[in-house]
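> Quick one, fold the following:
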Amino acid sequence: MSRAALGLVSPGQQFVTLKCRCLRAFELYRCQVTAHRIAAVPAYATRRCQLSAASSARTKPHCARGDRVRATAAAEKNDPGHWKYSPEWWGTQAGGWGHDSGTVVFAQNSHCGNGEVTVTAHIASPLSDLDSAEQQQWRVLRFNDTRQSVSRVALQHNSHTLQASADCLAFEYLKTMASAGAAVIGLTGKLGACLSELPTLAATSPATSRFQSDPLEQRLDKGRGLPQGLGACDTRHHTSCRALCIGLGGGSLPNFLSHHFPGLVVDAVELDPTVVTAATQCMGLPYSRSNLRLHTADAADYVLNLASQVHKGLAEPLDIVFIDAFDGNDDIPDCFCDPDSEVLEALATALHPVHGSIIMNVHGGGLPTSSALLALFFGWLPFSSKQESSGYHHSTDEGQAVLQIASTLRDKLLAGPHHQQRVNGGAFTLSVARQSNIAVVITRAAKLDSTSSSAESFARCAEQAATEAGYLFEASTRARRGLSRI
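Now for the predicted structure:
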């Protein structure tokens, strides 16, 4: 009788064993295929030369797509958040398959329903020989035992300086959100403004400064629903692009966006001060970047106040909103998915009327076990039907929940007179590689349908904006992966 049958092997250990067997089988198959291809190269090359010499007109045309694939693979080798590093930070908590459980560097109970907030440190592989003067670490933020955020930080020798890599998005769903965000920014026509530096003020007066005496409070707008000034930057004579991130976590997405789009004013709102402290003290989130503002406030109150200011003409509307908010039970707050929520009505008012967009992270779920394993280890799903390629099953409770949330956002944000859908607007979902998350995209900037041409157009916008912004991962594929119109 096996150890599993005797109850000597935990379900988590069984999962790790199954994962190792799958990986070994896949590596063996890949090695065999590689060896076969290498052995076939001389004969193929000889035959290719013979055909070329016989008739150049019959030679196959240049494959631009193949060049893009090779260029993408080469570019993602430099991605500090590449999925190949995931065993280093995944951890062994709750039966995880990571290398270790890490070292706890922060632990504090939340008073906002997030349970125990912890940050663990894990050794990270150096990206190059130039990193020898720095100690690379992964920092993982958890609510109870659920991973919420991952950042790669550099610890300077003989210094307590902690700096998160602004190029690193370790979670695949964040890369999908950032890719969709790049496409949306391209659709707004403000890409040039987002890539240019914000003008700075030579001196900041106490009336406009939001800096406090405590360095950790320099970028924390505690208890206020709206920013009172931009501190070290001036947008009075600048056509700025505004982004709002609801839910901070470890700050990976706000850090990434504000770095790659220096002209994008990013406001991040987080209800839980414990999470903000963990992000700034232990996750390496910078609080001195001129276009990044942190607010410790209730996101619902923030949105309601902002909508009132926009309606009165006292504040600029939002160009893009990222919603990645979950509580300690891993549930989305009701105010962002309830059809009767006044917060969604306020978001519709606060968004730019022509190109305002929302990108929301939701849990897909409902994937078969075998497909979930393939998605986790190899990043692809063997789906053939359009319904399944969306990343969720319409017949499951999880799939129905995704459709309900997406439909609610669509109806609230794209509704015209008598709740009819706007002509200029699109609502769709994107599936995420290796994770069972779904990105819900609602945009007033373009009308997208389920045709391949619409998906390709959206992907081209993502590719152009991401390339100019300096993304170190491929964005176009993620911006069209499993695109399904709502």
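> Now do the closest residue to C337 other than its chain neighbours: how many residues are near it, please.
Residue nearest to C337 in three dimensions, not counting chain neighbours: I405, with 4.7 Å by C-beta to C-beta, 6 or more residues apart in numbering. C-beta: built from backbone N, CA, C; applies to glycine. Look at I405: counted by other C-beta atoms under 10 Å, it has 22 neighbours.
> Pull out the buried positions in the helix or strand I405 falls within.
For I405, the enclosing helix or strand under DSSP states H and E is helix 397-413. For helix 397-413, burial by neighbour count (16 or more other C-beta atoms under 10 Å) applies to 398-399, 401-403, 405-406, 408-413.
> which helices and strands does it pack with?
The contact analysis (3 or more C-beta pairs under 8 Å, 6 or more residues apart in numbering; DSSP states H and E) places helix 397-413 against helix 342-350, strand 357-363, strand 426-431, strand 437-443.
> Out of the ones you listed, the one nearest I332 is which?
Within the helices and strands packed on helix 397-413, the stretch nearest I332 is strand 357-363; the backing value is 6.7 Å (C-beta to C-beta).
> Can you check what angle separates the closest one from helix 342-350?
150 degrees (axes from the mean of the first three to the mean of the last three C-alpha atoms, to 10 degrees).
> ok, back up a step: who's in contact with the helix holding I405?
332, 337-339, 344-345, 347-348, 351, 356, 358, 360, 362-366, 392-394, 419, 421, 425, 427, 429, 438, 440, 442, 444, 486 (C-beta atoms under 8 Å, 6 or more residues apart in numbering).
> now the spatially closest residue to T349 that is not a sequence neighbour: how far from L351?
Nearest non-adjacent residue to T349, counting by C-beta to C-beta, 6+ apart: A307, 4.1 Å away. Going from A307 to L351 by C-beta to C-beta, to the nearest Å gives 9 Å.
> Same list (the helices and strands packed on helix 397-413) but as a markdown table, adding mean neighbour count, distance to E88 and mean pLDDT.
Listed next are those as a markdown table, based on neighbours: other C-beta atoms under 10 Å; distance: least, C-beta to C-beta, whole Å; pLDDT from 0 to 100:
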| stretch | mean neighbour count | distance to E88 | mean pLDDT |
| --- | --- | --- | --- |
| helix 342-350 | 20 | 37 | 94 |
| strand 357-363 | 24 | 23 | 94 |
| strand 426-431 | 24 | 25 | 92 |
| strand 437-443 | 27 | 21 | 94 |
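> Can you lay out the ones you listed as CSV showing distance to R142?
CSV is the format used below for the helices and strands packed on helix 397-413 (distance: least, C-beta to C-beta, whole Å):
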stretch, distance to R142
helix 342-350, 27
strand 357-363, 17
strand 426-431, 25
strand 437-443, 17
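> quick one, which of these is nearest to G115?
strand 357-363 (17.6 Å).
> what angle do the closest one and strand 437-443 make?
160 degrees.
> Alpha carbons only: can I get the helix holding I405 in CSV?
The C-alpha coordinates for helix 397-413 follow below in CSV (Å, rounded to 0.1, in the frame of the first residue of the first chain):
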residue,chain,number,x,y,z
ASP,A,397,-20.9,29.5,-10.6
GLU,A,398,-17.5,31.2,-11.0
GLY,A,399,-18.1,31.8,-14.6
GLN,A,400,-21.5,33.3,-13.9
ALA,A,401,-20.0,35.5,-11.3
VAL,A,402,-17.4,36.8,-13.8
LEU,A,403,-20.2,37.6,-16.3
GLN,A,404,-22.3,39.3,-13.7
ILE,A,405,-19.5,41.6,-12.6
ALA,A,406,-18.5,42.4,-16.2
SER,A,407,-22.1,43.0,-17.3
THR,A,408,-22.7,45.3,-14.3
LEU,A,409,-19.6,47.4,-15.1
ARG,A,410,-20.6,47.5,-18.8
ASP,A,411,-24.1,48.6,-18.0
LYS,A,412,-23.0,51.3,-15.6
LEU,A,413,-20.1,52.7,-17.6
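> T103 contacts V119, doesn't it?
No: contact criterion C-beta atoms under 8 Å: T103 and V119 do not qualify, at 9.7 Å.
> Give me the more crowded residue out of those two.
The residue with more neighbours, out of T103 and V119, is V119; 25 against 11, by other C-beta under 10 Å.
> what's across from the more buried one in the sheet?
With DSSP bridges as the criterion, V119 is bridged to F106, L141.
> which ones are touching it?
V104, V105, F106, A107, R139, V140, L141, R142, G250, A278, C282, M283.
> same check, this time on G482
G482 makes contact with S389, S390, G391, T429, L430, S431 under the criterion C-beta under 8 Å, 6+ apart.
> now F322
By C-beta under 8 Å, 6+ apart, the contact set of F322 is M177, G181, A243, L244, C245, I246, L253, L257, I358, I359, M360.
> which of those residues are buried?
For the contacts of F322, buried by 16+ other C-beta under 10 Å: M177, G181, A243, L244, C245, I246, L253, L257, I358, I359, M360.
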